[in-house]
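Asks: Here is the input, now give the coordinates:
(chains A and B)
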Amino acid sequence: MKSNGVEILLVEDSEEDMDLTLHALQRGKVANRIFVVRDGEEALDFLFCRGEYSERSIELPPKLVLLDLKLPKVDGMEVLKIIKADARTKTIPVVILTSSKEERDLVSGYDLGANSFIQKPVDFEQFRETIKNVGLYWLVINQPPVLEPSRLIGADHDKR
Amino acid sequence: MINAERVIPPFGELRILHVEDNAMDAELVAQSLRKAGFLLSVSVVQTEFEFEKQLRENPPDLVLVDYNLPQWQGMEALEVLRRQGSDIPLILVSGALGDMTAVECIKRGVTDYVLKDGLARLPEAIRRALRERSIVLLRRQAERDLAVKAEELARSNADLERFAYIASHDLQEPLRMVAAYTQLIAERYRGQLDDKADKYIAYACEGAVRMQTLIQDLLAYSRVGRLGAKLVPVSCEAAMDEVLIILGPAIRESGSIVTYSPLPTVLAEASQMTQIFQNFIANAIKFHGELPPIISVGAERAGDDWLFSVSDNGIGIPPESVETIFIVFQRLHTRTEYPGNGIGLAICKKVIERNGGKIWVESPPGEGSTFKFTLPVYVPEAEMKPDKTASRAVPVS
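Replies: Down below sits the predicted model:
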């Protein structure tokens, strides 16, 4: 899949979960352009257009990042923190998908600037419905900010 | 007796530390005690230094003290004992003291006072002192044992709860996969295999969904109070109103009549009262009898507690089950008779007990059932001023 023009970036390490989420999105006819990365580091490479994603343009960010919290290499919270701390990426909506309802995660997720925090419903039907609604809301209903090119010039470079 | 402190066995050797400057008197005392049947080992000391040394090296069962000593004040022996945190009984064996002095000594903690020319009374005084002390020691030991047991119990309960939480939390994730993928298989391949396959897949789906409910119930149960949320004043009337909305469809469908008399404000976690009233009332609707359910909720003051009651005219509870219905996953009926997992009342019990109350059920045959529970009366700080009466302390907000 071409990594430019991606609408949804799904960051998910569990294959089962990935398949379910893709199934739910496709079935909800939400997005055709979904790109999946399997760990936190790859997610950052993708978003900051480095490594194997260096041909991507940072000016064409995905419309939505679906972020799992338990991730190898760089964990979800850290990914969120980095996305939200950088002027070039901080306006990308990040929706945290988690299986836990731990209040700690919830609070710190919002502290770090998560746009939404969703516990994956245990019930399969509800899960499909939720994922569909998330996609519809952020891709169709939500009006993203228009990035002015000037804001990108001289923006913080990735400090990592 | 497993105890650092010695309790005198009835016929054991009695170790006496005798503070006495007159060797003759000391001997007389010892003789009178031997005559009375005591097996003795006596150390006689005259100074504070010797006294402390003996206390340390050869701890006695009993201290006898002469009030008048040339080198030392007899009563100071008591101070030494107190300083060391010891409660070894101390009996004054002395020449005549004024009544005032004797009373003063007893007040300060001397166990007894025996005149040197009344030594015949000494054996009984000693026996009584030792008896009292052994009772104190036994009680103290029992209290210590109890505290240890209570601590062990609290720890094992906490472990169990943590286990239930972790187990149910971690089981949920893989089970979500089982449930989701069996449902996907059911959707995609229905009618493409044979009838048996469709049936088996349906069974697998149902099993997975039922297990999910069980796990979620267990999680809900183990979450009660787990997060240590703050207790806040909660209006039980507001909670009931909420319940009437939540259960509105079920109430209408069953033709139930639900009423409540004035209810107090109590301390609870924000949604707890709603949850327990909801559980009680949903149960009352579910276990209805021939007639439409009539459910009434009330509360009356009983000392420092509110006594709540939730009565219905349903099928009631057989006497042998009035205790077990509060246990997690205990059900009196088969799932086909009445759906449910048996978690509702267990949660009610846990909430109420954690908030300092008790719960039970009364169910005379043929008269429905009445769930009763207590919760401590909540006294708002602003109402605790002396000019307010206690009965005004519980406003219904």
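
Asks: Please enumerate residues in contact with stretch B:89-100?
Replies: Applying CB atoms under 8 Å, 6 or more residues apart in numbering or on different chains, the external contacts of stretch B:89-100 come out as B:18, B:20, B:25, B:29, B:62-68, B:74, B:77-78, B:81, B:102, B:105, B:109-116, B:119, B:122, B:125-126, B:129-130, B:132-133. Every residue, glycine included, has its C-beta placed from N, CA and C.

Asks: show me where chain A has helices.
Replies: For chain A, the helices defined by DSSP state H cover A:15-27, A:40-47, A:76-85, A:103-111, A:124-136, A:149-152.

Asks: Measure how the third one sits relative to helix A:40-47, angle-wise.
Replies: Counting by axes from the mean of the first three to the mean of the last three CA atoms, to 10 degrees, helix A:76-85 lies at 20 degrees to helix A:40-47.

Asks: what does the first one give?
Replies: When the same axes, to 10 degrees is applied, the directions of helix A:15-27 and helix A:40-47 differ by 30 degrees.

Asks: average model confidence for helix A:15-27?
Replies: Averaged over helix A:15-27, pLDDT sits at 90.

Asks: what is B:Val42 paired to in the beta sheet?
Replies: Legend: beta-bridge partners of B:Val42 under DSSP bridges are B:Ile16.

Asks: and it, what is it in contact with?
Replies: B:Ile16, B:Leu17, B:His18, B:Ala26, B:Ala30.

Asks: Which residue ranges make up the domains of chain B?
Replies: B:13-142, B:154-223, B:232-393 (automatic domain parsing).

Asks: what's the closest of the contacts of B:Val42 to chain A?
Replies: Using CB to the nearest CB, B:Leu17 comes nearest to chain A of these, at 60.7 Å.

Asks: Skip the chain neighbours and tell me the closest residue to the closest one.
Replies: Spatial nearest neighbour of B:Leu17, chain neighbours left out: B:Pro60 (3.8 Å); criterion: CB to CB, 6 or more residues apart in numbering or on different chains.

Asks: So what's the residue count around that neighbour?
Replies: The local packing of B:Pro60 (other CB atoms under 10 Å in any protein chain shown) involves 20 other residues.

Asks: And the one 10 residues further on, by the same measure?
Replies: Residues near B:Pro70, counting by other CB under 10 Å, number 8.

Asks: wait, is it part of a helix?
Replies: No. Assessed with DSSP: H, G, I helix; E, B strand; the rest coil, B:Pro70 is coil; it does not lie in a helix.

Asks: where's it relative to chain A, distance?
Replies: 73 Å (CB to the nearest CB, to the nearest Å).

Asks: For that residue, which residues are in contact?
Replies: B:Pro70 neighbours (CB under 8 Å, 6+ apart): B:Asp21.

Asks: hang on, the earlier thing: tell me which of the helices of chain A lies nearest to B:Glu337.
Replies: helix A:124-136 (26.9 Å; CB to CB).

Asks: tell me which residues in that closest one are buried?
Replies: Buried residues in helix A:124-136, counted by 16 or more other CB atoms under 10 Å in any protein chain shown: A:Phe124, A:Phe127, A:Arg128, A:Thr130, A:Ile131, A:Lys132, A:Val134, A:Gly135.

Asks: Need those residues in TSV (columns: distance to chain B and pLDDT).
Replies: Converted to TSV, the buried residues of helix A:124-136 look like this (distance: CB to the nearest CB, whole Å; pLDDT from 0 to 100):
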residue	distance to chain B	pLDDT
A:Phe124	4	86
A:Phe127	7	89
A:Arg128	9	90
A:Thr130	13	91
A:Ile131	11	91
A:Lys132	15	90
A:Val134	17	90
A:Gly135	18	89
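
Asks: OK, contacts around the spatially most central residue of chain A?
Replies: Geometric centre of chain A, nearest residue: A:Val65, 1.5 Å, by CA atoms, centre = their mean. Contacts for A:Val65 were tallied using CB under 8 Å, 6+ apart; they are A:Ile8, A:Leu9, A:Val11, A:Ala43, A:Leu47, A:Ile83, A:Ile92, A:Pro93, A:Val94, A:Val95.

Asks: Tell me who's in contact with the closest residue in space to A:Gly76 that isn't next to it in sequence.
Replies: Distances taken as CB to CB, 6+ apart place A:Leu69 nearest to A:Gly76, at 3.7 Å, with adjacent residues excluded. By CB under 8 Å, 6+ apart, the residues touching A:Leu69 are A:Asp75, A:Gly76, A:Met77, A:Ile96, A:Thr98, A:Ser100, A:Asp105, A:Gly109.
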